[in-house]
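A.B. asks: Pasting the sequence and the predicted model now:
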Amino acid sequence: MKIEVLGTGCKNCNALEAATSRALQELGMDVAIEKVTDYGEIVAYGVMSTPALAIDGEVKTTGRVPSVRELTDILTGATA
């Protein structure tokens, strides 16, 4: 599984990374989170509002920081 946080490094981007890390920890998943900060790469995903979360190349959320609970649901669905 490849998890990417798309964003320029703003406060919300860092919050999304932290919440995703917490959700992974709660699920007992040992997966690295990659940061994508290059604007061209972010736009290539079709993302116009950051932060965004992509799992295996598919954008799951944009423009907000989901709760840890929502992220665990997203991650569980991604592994199914």
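C.D. replies: Noted; the coordinates are in hand.
A.B. asks: What pLDDT does the model give Ser21?
C.D. replies: Among the per-residue scores, Ser21 holds a pLDDT of 97.
A.B. asks: How about the contacts made by it?
C.D. replies: Ile33 (C-beta atoms under 8 Å, 6 or more residues apart in numbering). For glycine as for every other residue, the C-beta is placed from the backbone atoms N, C-alpha and C.
A.B. asks: 10 Å - rerun?
C.D. replies: For Ser21, the set of contacting residues under the criterion of C-beta atoms under 10 Å, 6 or more residues apart in numbering consists of 3, 5, 31-33, 68, 71.
A.B. asks: Derive a PyMOL selection command for the buried subset of those residues.
C.D. replies: Here is the PyMOL command that picks out the buried ones among those, judged by 16 or more other C-beta atoms under 10 Å:
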select buried, resi 3+5+68+71
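A.B. asks: So the residue nearest to the spatial centre of the chain, which state does it fall into?
C.D. replies: Of all residues in the chain, the one closest to the mean position by C-alpha atoms, centre = their mean is Leu53, 2.7 Å from it. Taken by DSSP: H, G, I helix; E, B strand; the rest coil, the conformation at Leu53 corresponds to strand.
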